[in-house]
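Colleague: Prediction below, plus the sequence it came from.
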Amino acid sequence: MAKQRKNQASGIHFGPAIKVVLLCFVFCGSAVGYVWQKNEIIRLGRQISDREKKLEQLRDDNELLRNQDYLLGSQRMIEERVQVLRLGLGPVQPGQVVRLDELPAAAAPAPRPLAGRAPGDGLGSLN
């Protein structure tokens with residue numbers, strides 16, 4: 001029996017070595033994944049803060065343009081620009097205003113078919 005044990009011990013055992021290598025790969029892969037994940041979190045955080053700053057700037061610009069639009073469209077500002085540019089324009093007379101009454105879409109009459117076409121036929125008459 002002693003001889004059999006001696007023969008078994010002299011062989012190289014790959015089982016524990018493979019386990020150690022696989023365990024090292026798992027730990028190294030976990031470490032690389034952790035570092036990559038942290039870098040992604042930092043990068044995405046920077047993108048969010050940059051976009052929040054841009055959004056705030058766009059809101060400020062929008063508010064400024066809204067105020068400018070209100071001022072430039074006011075009656076007083078238009079009258080001042082007319083005087084400065086010496087356009088010679090006066091107030092609108094009631095006879096110069098033309099009002100157009102639009103019918104709601106549901107009340108509008110249906111379109112008539114074109115001449116030479118049968119109703120429901122997209123090609124028209126071939127005769």
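Modeller: Arrived safely.
Colleague: C-alpha from now on. contacts and neighbour counts both.
Modeller: Will do.
Colleague: Off-centre distance for the longest helix along the chain?
Modeller: When the chain is scanned for its longest helix (criterion: DSSP state H), the result is helix 15-73. Once both centres are worked out by C-alpha atoms, centre = their mean, to the nearest Å, helix 15-73 turns out to sit 17 Å from its chain's centre.
Colleague: Show me what secondary structure element comes after it.
Modeller: helix 75-85 (DSSP states H and E).
Colleague: rewinding a little: what angle do the longest helix of the chain and helix 75-85 make?
Modeller: Interaxial angle, helix 15-73 versus helix 75-85 (axes from the mean of the first three to the mean of the last three C-alpha atoms, to 10 degrees): 70 degrees.
Colleague: Could you list every helix and strand in contact with helix 15-73?
Modeller: Helices and strands touching helix 15-73, as assessed by 3 or more C-alpha pairs under 8 Å, 6 or more residues apart in numbering; DSSP states H and E, are absent.
Colleague: The closest residue to residue 72 other than its chain neighbours: neighbour count?
Modeller: Leaving aside its sequence neighbours, residue 72 sits nearest to residue 78 (C-alpha to C-alpha, 6 or more residues apart in numbering; 6.9 Å). Other residues within reach of residue 78, judged by other C-alpha atoms under 10 Å, total 13.
Colleague: Let me know the pLDDT of residue 78.
Modeller: Looking at residue 78, its pLDDT is 85.
Colleague: do you know how far it is from residue 89?
Modeller: 11 Å (C-alpha to C-alpha, to the nearest Å).
Colleague: ok, now which ones touch residue 67?
Modeller: Counting by C-alpha atoms under 8 Å, 6 or more residues apart in numbering, residue 67 touches no other residue.
Colleague: one more time with 10 Å, if that's ok
Modeller: 61, 73 (C-alpha atoms under 10 Å, 6 or more residues apart in numbering).
Colleague: got it, and the one 10 residues further on?
Modeller: Going by C-alpha under 10 Å, 6+ apart, residue 77 touches 70, 71, 83.
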